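>>> Quick check, what structure comes out for this input:
(3 chains)
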Amino acid sequence: MNIHPTAIVSTKANIADDVVIGPYSIIHDNVVLGAGTEIQSYCELGISNGMSDGEPLEIGEGSLIRSHSAFYEGSVFGDGLVTGHRVTVREKTLAGKNLQIGTLSDIQGHCEIGDYVRFHSNVHIGQKSKIGNFVWIFPYVVLTNDPHPPSETLIGATIRDFAVIATMSVVLPGAEIGQGCLIGAHSSVKGTTDPDTVYAGSPAKKICPTSRIKLTDGSGAAYPWQEHFNRGYPEEVIKKWGGEICNLGE
Amino acid sequence: MNIHPTAIVSTKANIADDVVIGPYSIIHDNVVLGAGTEIQSYCELGISNGMSDGEPLEIGEGSLIRSHSAFYEGSVFGDGLVTGHRVTVREKTLAGKNLQIGTLSDIQGHCEIGDYVRFHSNVHIGQKSKIGNFVWIFPYVVLTNDPHPPSETLIGATIRDFAVIATMSVVLPGAEIGQGCLIGAHSSVKGTTDPDTVYAGSPAKKICPTSRIKLTDGSGAAYPWQEHFNRGYPEEVIKKWGGEICNLGE
Amino acid sequence: MNIHPTAIVSTKANIADDVVIGPYSIIHDNVVLGAGTEIQSYCELGISNGMSDGEPLEIGEGSLIRSHSAFYEGSVFGDGLVTGHRVTVREKTLAGKNLQIGTLSDIQGHCEIGDYVRFHSNVHIGQKSKIGNFVWIFPYVVLTNDPHPPSETLIGATIRDFAVIATMSVVLPGAEIGQGCLIGAHSSVKGTTDPDTVYAGSPAKKICPTSRIKLTDGSGAAYPWQEHFNRGYPEEVIKKWGGEICNLGE
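Predicted structure coming up:
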């Protein structure tokens, strides 16, 4: 382990041999850090608020948590988690592999997140959200959950595989964003959207099939985005998309 | 006192005996912390910017300040203040008891806040705002104050008792949100709103009396919210609401 | 130098004699700090992510970086930079003098910023943005850059001199905001806007010349704002505005 002398690390934490922990970070008792993981400076991991049922915070192999981030105990992340700075993650967040969480994003816990999901900066994920695989959520998007705030009724949003939600949109309680959808910037969406369809506006309206959006360089359709964009995805994942893209186009 | 050895605490600060101060936090000279208060890690309290007229930062009894928060001197909070992480509070913020300030919220100072107010995550309260009692403000709401930015004319918003402002709404300079109002998500509001009325849209329009909004479980009206939601409020407060609710319904 | 004993400062950093560095801050190797600069607590400067081509982080004279901020190496700031708390600045940000960056703002790097620009709190500047001189950007404004997200096509926004973008507006990829424009709160703007013109709405529409907006105190036109607002600008700058204002009015 490469633990900075100013870091405060519990001897009860379960930390792989080659983990790096930066200056002034705090690792509490109930934390499991996989091999090859790096925790940068001023992070606090494994915070307890009595809502985690004693479950640990588990972070998979090869992860990177950037500075000033705070994670509660009782959440589980697959391998390859990467965060920006000042990320907050509450208890009972269950996420697959290769999740990216941008700077200032706030995951409120009690939610499910698939594989290869990417939250850009300053995204707010309300409790009870369900997010599929390969989803993209852009800055200042909020997933809400209370249909008549304040209340005890929390109905999370559902975001299906390959969907894209653009900057500063609000997903209203219980909304279901269909597979491969594009929600335009500055929209608010409720109800269930058709797959592979563009919605925009506040309230959002159906605009057109996503296949009508063209790349600005004239090289063809911009969606399904997997056909032209694969930065950061492993080769075996991109191969699988081949089949899925055909399905999407049907 | 239970002060972590890495905390930097001024001997001039006025700190009750049983206060807890977490790792790497900094408490400056001009700070008063009430009994039973806990300050978590990486917080800095009592920052001076020359605009506080030498007045102290006073935080009431039984308060909890979560990690990475920054409070300036010259503000006063009643008992039972609870914050999320990375909260910023500037000078001349005067707040009643049991205020909750969510993660990443930014109180710009020079404002008045009543009792039992709840700011969810990432709320921005501009200078000269006046907020009543039992108000709820949801994520990414901004209370603005400059009618023709940039200028020296700051006209704060007024939010009256029991009003609710939903996610990602902008309250324009000088707007007055009436008692018991509901402002829908993604709205922008100007002028004065009628009490107990729903407004939504950008610009926001009057939609209907709040009493027309029904609970999704079919159990009745969702507003006034005090009739079905009381999590976290003390028994004596809930009893008082009985009378106030009658008034609201008139 | 006045370096707090808990600060971690590389001996390779190039720091002027009278620089002040606060508690728990970290200064990496590749950092240049000009005379009279103050770095407050919990800041980390000169972070490397392999995208800075080995270029240093340079911060000009008389600057002030407030607490919990993070700057990458490979960016250059003129004299008089002032930030709020929890600011994030990535590599290849080139900024002129007297830039103000508000609390929680996030500059994504690979952008150009002129002199005397003011970002209020919680502003998000996407990569490839170009911002002129004397520009004002208010809270929760996002400058985007991807016309069909996600893609490799990044087309930044351009904001010309003296333009003002009000709270919670989205500037869409490739938009050009003309000199002296006012974008109303909660708008989304695409395309090129005429100079000295008000645009508002989502999508934003042309409203009127900015000169039609009157000061609320009845003392005349609110725009060009330079005619009545000059707080914080040096005398020699205000004098120059005389000529520029005439041009703006033509």
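>>> Only C-alpha atoms from now on, for both contacts and neighbour counts.
OK.
>>> Could you list which residues are in contact with A:P56?
A:N30, A:V31, A:V32, A:G46, A:E73, A:G74, A:S75, A:V76 (Cα atoms under 8 Å, 6 or more residues apart in numbering or on different chains).
>>> what's the answer for A:N49, then?
Per Cα under 8 Å, 6+ apart, neighbours of A:N49: A:Y72.
>>> where's it relative to A:E91, distance?
Distance, A:N49 to A:E91, using Cα to Cα, to the nearest Å: 8 Å.
>>> tell me the contacts of whichever residue of chain A sits closest to chain B?
Of all residues in chain A, the one sitting closest to chain B is A:S151 (5.7 Å; Cα to the nearest Cα). Residues in contact with A:S151, defined by Cα under 8 Å, 6+ apart, are B:W225, B:H228, B:F229.
>>> among the contacts of A:P56, who's most crowded?
A:E73 (29 neighbours; other Cα atoms under 10 Å in any protein chain shown).
>>> which regions of chain A lie under the pLDDT threshold?
For chain A, the stretches flagged by pLDDT under 70 are A:242-250.
>>> Which residue would be the closest one in it to chain C?
Closest approach between chain A and chain C, counting by Cα to the nearest Cα: A:F229, at 5.7 Å.
>>> burial count for that residue?
Close neighbours of A:F229, defined as other Cα under 10 Å, add up to 16.
>>> cool, A:D53 as well?
12.
>>> Check the spacing between it and A:I125 real quick.
Distance of A:D53 to A:I125, given as Cα to Cα: 21 Å.
>>> So which residues on chain A come close to chain B?
Counting by Cα under 8 Å from any Cα of the partner chain, the residues of chain A close to chain B are A:24, A:42, A:68, A:88, A:142, A:144, A:147-153, A:170, A:188, A:202.
>>> Could I have the PyMOL command that selects the buried members from the residues you listed?
Those of the residues of chain A next to chain B that count as buried under 16 or more other Cα atoms under 10 Å in any protein chain shown are selected in PyMOL with:
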select buried, chain A and resi 24+42+68+88+142+144+147+148+149+150+151+170+188+202
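>>> burial measure for A:G114, as a count.
Here the number of neighbours of A:G114 (other Cα under 10 Å) works out to 21.
>>> thought it was touching A:T158?
No. Using Cα atoms under 8 Å, A:G114 makes no contact with A:T158, being 11.5 Å away.
>>> Need the overlap of contacts for these two.
Counting by Cα under 8 Å, 6+ apart, the shared contacts of A:G114 and A:T158 are A:I131, A:G132.
>>> still on that earlier bit, which residues are in contact with both of A:N49 and A:E91?
By Cα under 8 Å, 6+ apart, A:N49 and A:E91 have these common neighbours: A:Y72.
>>> Chain A against chain C: which residues are in contact?
Within reach of chain C by Cα under 8 Å from any Cα, chain A has these residues: A:24, A:42, A:68, A:85, A:136, A:139, A:164, A:166-168, A:185-186, A:201, A:213, A:215-216, A:222, A:225, A:228-229.
>>> Just the buried subset of these, please.
The neighbour-count criterion (16+ other Cα under 10 Å) marks A:24, A:42, A:68, A:85, A:136, A:139, A:164, A:166-168, A:185-186, A:201, A:213, A:215, A:222, A:225, A:228-229 among the residues of chain A next to chain C as buried.
>>> Quick check: helices, which of the residues you listed are part of them?
Using DSSP state H, no member of those sits in helices.
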